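Enquirer: Provide a 3D model corresponding to the input given below.
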Amino acid sequence: MARYKQIDMSPRLLAVDLSRQILAGSFEFALSHLIDRLNLSAFDSRFRNDAVGAPAYPPALLLKIVLLAYSKGITHSRDIEAACRENVVFMAISGDSHPHFTTIAHFIATLSEPIADVFAQVLTVCDQEGLIGRQMFAIDGVKLPSNASKAKSGTRADFTREAAKMRAQVAKMIERHRGCDQSAGSEPCAGNKEARHIERLTRQAERIEQWLEQHPNDRHGVKNSVRQSNRTDNESAKIATEKGVIQGYTAVAAVDAKHQIVVAAQAHGVGQEQELLLPMLDALGPQRTAHTLINTDAGYYSKRNVHALDQRGVKACIPDPNYRSRDARYAGQSAHKAKPDALWDKRKAPKHLTLFRPKDFQVAADLSHCICPAGKRLYRSGHHRNLNGFATADFAGAKRDCGPCSLRARCLRKPESTPTRQVAIFLRKVVYEQQLEQAVERMKQMVDSAQGHELIAQRFATVEPVFGNVRFNKALNRFTLRGQAKVDGQWKLCCLVHNIEKLANNGYSR
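Expert: Take a look at the predicted model:
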């Protein structure tokens, strides 16, 4: 019968050379070598202990510890402190230092400003190593929950009603107890449980009223629409995802196609990705060249975004939401859309009929006439005039056309008394609409071409593996901080781990 050696896993004291625990070619080796060569003077402004006070942990040391922890999927400061005491790799990277978890938590929470400079320096190293091609930047976002309560979201009007409801409930309970006390004699009717309930409701109402005083205005989105606020993190947003609604942030990354290096990273408390394209384009300014192509998915498409990229002369591939309906490869998709869904009714709600607006009238290039939705001509009436400080061209229909028209009810506010339709077209808007439609048409031609089909597939293969690495391999699937600035710093920290790992896998510092 075979005999094997006994394996003893009991604790023991070992003489360990910490400098030999970080193996060449590993992530830890590349991390230590890289951080030691970065300029971290941006961290010096937070210290005032040159003459008095205790010595502080070097920022390079804390940055190594945090980045190593994030690469292992460890995000909580207490767990990072425990790893520095128990894990030999953490001991080696930190020189057997044991920073308190409060020191680690404060360092991560205050990284929002200096981490941007560190991120830029690491990109410079990646460029020197030849890992950035600048041929195509793929932009996409992932919606992650944050350290905020979804139940405490709403508008200021919702919070006001909630506080008033609590006050009314407390007043009703107190009034009932008073009547009970008067009828029962000397023994009180309110128990300890009810008293605690009254105290809890009063305290919650006071907190809501205090929050309303500190935030006198609602959050506003595009077209001045009111966005829901949140009493735990007012810069986060309620975001719809495939797995339900979360309270969190949209983390956006721009990834270079050559070696999947994250060249820009931002986090925004916004659910609609259309608003995030231009801010990302501004962040890509130092990395982008005149020949760099911007590649996004349909979530970033809007006519305004397409027009803005066209005006800036940026090469881009942004498919519109209906691009699959024009692609022969998706010819059978309508059969799947017609299938019932137990959780979601895909049928579109019927639209209410509204009056025709000026945008429904097609203006001739020479501004001599315009065509109404019924196909009739409206002719110019007079010269240009100013309306609220803007030049307009006025058009009016003929009685022979407007009188018997079957669309009078949708064209005139008072069809029984108004003889003809009159339209005022803003000249500047006409030029803008023409430029807008031209830019949109050029983008559709680009997307529908063979090159566009290839770019759509290339975008998916470029940016999605980055999110897979960060969210699942590194288990960084939620934000632990509050506030847009802090969350943005934490997202840059996550992307920094990915970039350093790319450096390590491509032979940096071996």
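
Enquirer: Contacts only, for Asp117.
Expert: For Asp117, the contacting residues are 39, 42, by CB atoms under 8 Å, 6 or more residues apart in numbering. Quick note: C-beta positions are derived from backbone N, CA and C, even for glycine.

Enquirer: hmm, 10 Å instead?
Expert: Contact partners of Asp117, counting by CB atoms under 10 Å, 6 or more residues apart in numbering, are 38-43.

Enquirer: so Gly73 touches Ala83, yeah?
Expert: No. Assessed by CB atoms under 10 Å, Gly73 is found out of contact with Ala83, at 11.2 Å.

Enquirer: still on that earlier bit, which member of the contacts of Asp117 is positioned nearest Val363?
Expert: Checking the contacts of Asp117 against Val363 by CB to CB gives Ala42 as the nearest, at 54.2 Å.

Enquirer: Report all helices and strands that the host helix or strand of Gly452 contacts.
Expert: Gly452 is located in helix 450-468, with elements delineated by DSSP states H and E. Applying 3 or more CB pairs under 10 Å, 6 or more residues apart in numbering; DSSP states H and E, one finds that helix 450-468 contacts strand 136-145, strand 244-256, strand 262-268, strand 293-295, strand 315-317, helix 427-448, helix 484-505.

Enquirer: CA atoms only: put the first one into PDB for me.
Expert: The reference is to strand 136-145. What follows is strand 136-145 as a C-alpha-only set of coordinates in PDB (Å, rounded to 0.1, in the frame of the first residue of the first chain):
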ATOM      1  CA  MET A 136     -10.500  53.600 -31.600                       C
ATOM      2  CA  PHE A 137     -11.900  54.400 -28.100                       C
ATOM      3  CA  ALA A 138     -14.900  52.400 -27.100                       C
ATOM      4  CA  ILE A 139     -17.200  54.100 -24.600                       C
ATOM      5  CA  ASP A 140     -19.800  52.300 -22.500                       C
ATOM      6  CA  GLY A 141     -21.100  52.500 -19.000                       C
ATOM      7  CA  VAL A 142     -22.200  50.100 -16.200                       C
ATOM      8  CA  LYS A 143     -24.800  51.000 -13.600                       C
ATOM      9  CA  LEU A 144     -23.700  50.100 -10.100                       C
ATOM     10  CA  PRO A 145     -25.500  50.500  -6.700                       C
END
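
Enquirer: Now do the following helix or strand past it, average pLDDT.
Expert: Tracing the chain past strand 136-145, the next element assigned as helix or strand by DSSP H and E is strand 153-154. The predicted model gives strand 153-154 an average pLDDT of 89.

Enquirer: what comes into contact with strand 153-154?
Expert: 159-162, 218, 227-234, 236-238, 245, 247.

Enquirer: let's go with 8 Å and repeat that
Expert: Contacts for strand 153-154 (CB under 8 Å, 6+ apart): 162, 228-231, 238, 247.

Enquirer: where does the longest helix seen in the chain sit relative to the chain's centre, distance-wise?
Expert: Across the chain, the longest stretch assigned as helix under DSSP state H is helix 156-184. Mean-position distance between helix 156-184 and its chain equals 40 Å (CA atoms, centre = their mean, to the nearest Å).

Enquirer: Any buried residues in the following helix or strand past it, and which?
Expert: Once helix 156-184 ends, the next helix or strand along the chain (criterion: DSSP H and E) is helix 192-214. Buried residues in helix 192-214, counting neighbours by 16 or more other CB atoms under 10 Å, are found at 198, 201, 205, 208-209, 211.

Enquirer: Using a markdown table, please lay out the contacts of strand 153-154 together with neighbour count and secondary structure.
Expert: Listed next are the contacts of strand 153-154 as a markdown table, based on neighbours: other CB atoms under 10 Å; DSSP: H, G, I helix; E, B strand; the rest coil:
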| residue | neighbour count | secondary structure |
| --- | --- | --- |
| Glu162 | 16 | helix |
| Gln228 | 18 | coil |
| Ser229 | 24 | strand |
| Asn230 | 24 | strand |
| Arg231 | 20 | coil |
| Lys238 | 18 | strand |
| Gln247 | 22 | strand |
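
Enquirer: still on that earlier bit, export the helix holding Gly452 to PDB, keeping only CA atoms.
Expert: Output of helix 450-468 as PDB, limited to C-alpha atoms (Å, rounded to 0.1, in the frame of the first residue of the first chain):
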ATOM      1  CA  ALA A 450     -19.800  47.100 -43.700                       C
ATOM      2  CA  GLN A 451     -17.400  49.200 -41.700                       C
ATOM      3  CA  GLY A 452     -20.100  50.100 -39.200                       C
ATOM      4  CA  HIS A 453     -21.100  46.500 -38.700                       C
ATOM      5  CA  GLU A 454     -17.500  45.700 -37.900                       C
ATOM      6  CA  LEU A 455     -17.100  48.600 -35.500                       C
ATOM      7  CA  ILE A 456     -20.300  47.600 -33.600                       C
ATOM      8  CA  ALA A 457     -18.800  44.100 -33.000                       C
ATOM      9  CA  GLN A 458     -15.400  45.600 -32.200                       C
ATOM     10  CA  ARG A 459     -16.900  48.000 -29.600                       C
ATOM     11  CA  PHE A 460     -18.500  45.100 -27.800                       C
ATOM     12  CA  ALA A 461     -15.300  43.000 -27.800                       C
ATOM     13  CA  THR A 462     -13.300  46.000 -26.500                       C
ATOM     14  CA  VAL A 463     -15.200  47.500 -23.600                       C
ATOM     15  CA  GLU A 464     -17.300  44.600 -22.200                       C
ATOM     16  CA  PRO A 465     -14.300  42.500 -21.100                       C
ATOM     17  CA  VAL A 466     -13.100  45.400 -19.000                       C
ATOM     18  CA  PHE A 467     -16.400  45.500 -17.100                       C
ATOM     19  CA  GLY A 468     -16.300  41.800 -16.700                       C
END
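
Enquirer: Contacts made by it with the rest, please.
Expert: 136, 138-140, 142, 253, 255-257, 260, 262, 293, 295-297, 317, 319, 327, 329, 446-447, 495, 498.

Enquirer: Filter these down to the buried ones, ChimeraX style.
Expert: Applied in ChimeraX, the following selects the buried portion of the contacts of helix 450-468 according to 16+ other CB under 10 Å:
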select :136,138,139,140,142,253,255,256,257,260,262,293,295,296,297,317,319,327,446,447,495,498
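
Enquirer: What's the local residue count around the closest residue to Thr75 other than its chain neighbours?
Expert: Excluding the flanking residues, the one nearest Thr75 by CB to CB, 6 or more residues apart in numbering is Thr480, at 5.7 Å. When neighbours are defined as other CB atoms under 10 Å, Thr480 has 16 of them.
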